[in-house]
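1. Mind looking at a prediction? Sequence and model below.
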Amino acid sequence: MTQVFFHRSTAKKVFLDQHGTVVKDLAEAHDHATRLVQSFTNEHSLEDWRDWVLHVSDDQGDELFVVPFAFVLGKPH
């Protein structure tokens with residue numbers, strides 16, 4: 001088990017995850033990241049989420065992977 005952090009950003013904004021989440025492996029971290037992106041984009045807001053990126057880092061601050069919100073959202077119709 002390891003502590004990972006899910007920071008989200010655009011070119012203009014950065015929101016740091018101060019608490020992190022304990023996961024058992026990278027697969028669980030990726031599943032959690034996808035659920036986070038879906039929860040943010042399901043909020044009722046005027047935010048254009050396609051420019052956002054979720055940065056997943058370990059407890060040492062090393063980036064493990066990124067999830068562009070557009071990857072989860074798909075292409076606009």
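-> Perfect, I can see it now. Since the model is a prediction, treat every value here as computed from it, not as a measurement.

2. so where's the longest helix in the protein?
-> helix 26-42 (DSSP state H).

3. Partner strands of whichever helix or strand comes after that one, with direction?
-> In the C-terminal direction, the helix or strand that comes right after helix 26-42 (DSSP states H and E) is strand 53-58. Paired strands of strand 53-58, with direction, are strand 2-9 (antiparallel), strand 63-68 (antiparallel) (DSSP bridges).

4. Would you mind giving those as CSV with distance to Asp31 and mean neighbour count added?
-> Any C-beta I mention is one placed from the backbone N, CA and C, and that applies to glycine too. As requested, the strands paired with strand 53-58 are arranged in CSV below (distance: least, Cβ to Cβ, whole Å; neighbours: other Cβ atoms under 10 Å):
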stretch, distance to Asp31, mean neighbour count
strand 2-9, 12, 18
strand 63-68, 11, 14
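
5. Nearest to Leu46, out of these?
-> With Cβ to Cβ as the criterion, Leu46 lies closest to strand 2-9 of the strands paired with strand 53-58, at 16.7 Å.

6. who's in contact with that closest one?
-> Strand 2-9 is contacted by residues 14-17, 20-23, 29, 32-33, 36, 40, 52-59, 64 when judged by Cβ atoms under 8 Å, 6 or more residues apart in numbering.

7. out of the residues you listed, which are buried?
-> Neighbour counting by 16 or more other Cβ atoms under 10 Å classes 17, 21, 23, 29, 32-33, 36, 40, 52-57 among the contacts of strand 2-9 as buried.

8. So among the residues you listed, where is pLDDT lowest?
-> Across those, the member with the lowest pLDDT is Phe40, scoring 86.

9. Quick check: that one vs Lys24, distance?
-> Applying Cβ to Cβ, to the nearest Å, the value for Phe40 to Lys24 is 23 Å.

10. just Leu73 next, same as before
-> Using Cβ to Cβ, we find Leu73 at a distance of 27 Å from Lys24.

11. Of the two, give the one with the bigger neighbour count.
-> Legend: neighbour count by other Cβ atoms under 10 Å for Leu73 and Lys24, higher for Leu73 (14 against 9).
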